[in-house]
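Trainee: Need coordinates for the below:
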Amino acid sequence: MSQPILRTDRIELVPLCDEHLELEIELDADPEVMRYLTGRARSREEVEDLHRQRLAAAGRVAGLGFWVGFVDGQFVGWWLLEPPTRDDQGPVEGQAELGYRLLRRYWRQGLASEGARELLRHGFEDLRLTRVFAETMAVNTASRATMTAIGMRYVRTFHADWEEPLPGSDLGEVEYAINREQWLASQAAKLG
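Mentor: From the prediction side, this is the model:
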């Protein structure tokens, strides 16, 4: 299965392709958007390198990858569901990492969680994944709130090696996760 186009009430999620590069550059050019990732805006060259890596993610496991989100035809950000890349994240089989990044003007509108819920549905329903996890800096309360809002639970705090530590990195990174059974139970509760 290749990456499908996914839809929510407000968002059209389109598989990332080369025509989206300028949108990625715009997103990563905002230092506030990048605050908990790099602490600074990324250069065009950095985003071009990352764009190639993001495209390659779609080829590693069928149905996984990066999606670009549009609301009423306007770019709002991207979402990802990709296989684990580090040894401490566990086995690739049956697992995926969830992520999201939105333009600042679309923050606090429920779009991050709306798109993330659709990726959870895709992962558990369409791909039959067993577990989805997400990570962020412990101090990133907005992202942690999104993870909690979509039913993910705190798993652990760990410390990453930072070449250039960011403010708050001394408090570590956190992992949240949800497994297939928990997701299915939450869907049944909504119907119940």
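Trainee: can you count the residues close to the nearest residue to residue 149 once chain neighbours are set aside?
Mentor: Take residue 149 and drop its neighbours on the chain: the residue closest to it by CB to CB, 6 or more residues apart in numbering is residue 113, 4.8 Å away. C-beta coordinates here come from the backbone N, C-alpha and C atoms, glycine included. Counted with other CB atoms under 10 Å, the neighbours of residue 113 add up to 17.
Trainee: correct me, but residue 34 touches residue 41?
Mentor: Yes. In this structure, residue 34 is within contact of residue 41 by CB atoms under 8 Å, at 6.0 Å.
Trainee: doesn't residue 10 fall inside a helix?
Mentor: No. Under DSSP: H, G, I helix; E, B strand; the rest coil, residue 10 falls outside any helix and is assigned coil.
Trainee: buried sites along stretch 135-149?
Mentor: 135, 136, 137, 138, 139, 140, 143, 144, 146, 147 (16 or more other CB atoms under 10 Å).
Trainee: residues in contact with it?
Mentor: Applying CB atoms under 8 Å, 6 or more residues apart in numbering, the external contacts of stretch 135-149 come out as 36, 97, 100, 107, 112-113, 116, 134, 157, 166-169, 171-176.
Trainee: what are the ranges of the helices in the protein?
Mentor: In the chain, the segments counted as helices under DSSP state H are 21-28, 44-60, 111-121, 141-149, 180-191.
Trainee: mind giving me TSV with the ones you listed and columns for mean pLDDT?
Mentor: TSV is the format used below for those (pLDDT from 0 to 100):
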stretch	mean pLDDT
helix 21-28	96
helix 44-60	92
helix 111-121	98
helix 141-149	96
helix 180-191	92
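Trainee: Dump those helices to CSV, plus distance to residue 85.
Mentor: Converted to CSV, the helices of the chain look like this (distance: least, CB to CB, whole Å):
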stretch, distance to residue 85
helix 21-28, 19
helix 44-60, 9
helix 111-121, 17
helix 141-149, 18
helix 180-191, 21
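Trainee: Out of these, which one sits most buried?
Mentor: helix 111-121 (a mean of 22; mean count of other CB atoms under 10 Å).
Trainee: Just give the nearest non-adjacent residue to residue 54, would you?
Mentor: Nearest one to residue 54, counting by CB to CB, 6+ apart, is residue 66 at 4.6 Å.
Trainee: Go ahead and confirm that neighbour touches residue 57.
Mentor: Yes. Contact criterion CB under 8 Å: residue 66 and residue 57 qualify, at 6.1 Å.
Trainee: joint contacts of those two?
Mentor: Residues touching both residue 66 and residue 57 (CB under 8 Å, 6+ apart) are 80, 82.
Trainee: So in terms of bridging, what pairs with the residue nearest the centre of the chain?
Mentor: Nearest to the geometric centre of the chain sits residue 99, at 1.0 Å (CA atoms, centre = their mean). Taking DSSP bridges as the rule, residue 99 bridges to residue 80.
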